[in-house]
Each structure stands twice: as C-alpha cells, then as structure tokens.
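Asker: No letters, just coordinates:
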C-alpha cells in the first residue's frame, strides 16, 4: 500500500478542520448555556467589527459578519440591552436618514475584551501541549491558511462572482 492519494489526503484534512470547528462551536454553546450573559458568536463578531471601526451602519455590520437582515436586527437589539447593559447605541445616520448607525459603548468594548480573552485562554491551553518546533510549524501553516481565507473573502466581497 502506497502513500494516500492527494485528494483523499485533502479531504481528510478538510474533515478534521470541519470536526474541530464543530467541537469548538459546541464547547462555546455549552459554556454559554451555563452563562446566558455571555456573548453569542454573532454578538462578538458585531462588537469586533465595531471595535475596529467604532461606528458602522447596520448594513455594513451585516455584510461584515454575513447574517440576514432579520438576524442582524435581533443581534443589535440584544446588544442594546444585554442583561440590562447597553453594549452598543444606535442612531440615525446623519448623511442618510434611511440608515442606522451603531456605535460601540465602553461596556461593549469591555465585553469584547472579556470574550476574546476567554477564547484565547481556551485555545492557548490546548496549544501548550505542542512542543516548540511543532508550534512554529503550526503557526506557519495557520498563517498560510489565513492568507488563503483572507484572499477568498476579499474576492467574495469585491464582486458578484463567487470565489472557487
């Protein structure tokens, strides 16, 4: 028996990554079930976009995080009153009164920072089991994967033709 065929090897790698994302998603959902005030993934992504840009229109956020308009409305409403705390504020866009501007509140920045730190601690605890040479190789591979994803995302956002 020879080496695995490249296509099968790629399929196995893709399957492993898919399984990792499912497990990570389930772990976040379980953590959230015991702590309902924790942000959902979509709420975090919304705050993340606002941390980077301070104020965005609802439509801009929707495009950045890839949700439907109805979902975006629910996310914004939730962040306006997350357990009695305003993480964002909304107002009419002064240049186009048909649009709504969303601005991150100081407590939204804190919630973003807390969520991000918890996710990073979780991931670091898993990665600490790798020895230094494996860490370096894994980091190089992750950067290559991220560059590929960034390229596909940029192509998708740039025009109507879908990336392959």
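Answerer: Thanks, I have the structure now. Worth saying up front: this structure is predicted, and the values here are computed from it rather than measured.
Asker: Could I get the full set of helices for this structure?
Answerer: Taking DSSP state H as the criterion, the chain carries its helices at 6-33, 41-53, 58-65, 69-80, 106-127, 132-158.
Asker: So for residue 88, which of the ones you listed sits nearest?
Answerer: Between residue 88 and the helices of the chain, the tightest spacing by Cβ to Cβ is seen for helix 69-80, at 4.5 Å. The way it works is simple: take the backbone N, C-alpha and C, and place the C-beta from them, glycine included.
Asker: Could you check how far that closest one is from the centre of its chain?
Answerer: Between the centre of helix 69-80 and the centre of its chain there are 16 Å (Cα atoms, centre = their mean, to the nearest Å).
Asker: And stretch 122-142, by the same measure?
Answerer: From the chain centre to the centre of stretch 122-142 is a distance of 20 Å (Cα atoms, centre = their mean).
Asker: Between the two ends of it, how far is it?
Answerer: Its first and final residues considered, stretch 122-142 spans 17 Å by Cα to Cα, to the nearest Å.
Asker: And residue 122, how close does it get to residue 143?
Answerer: Remark: distance between residue 122 and residue 143 (Cβ to Cβ, to the nearest Å) = 21 Å.
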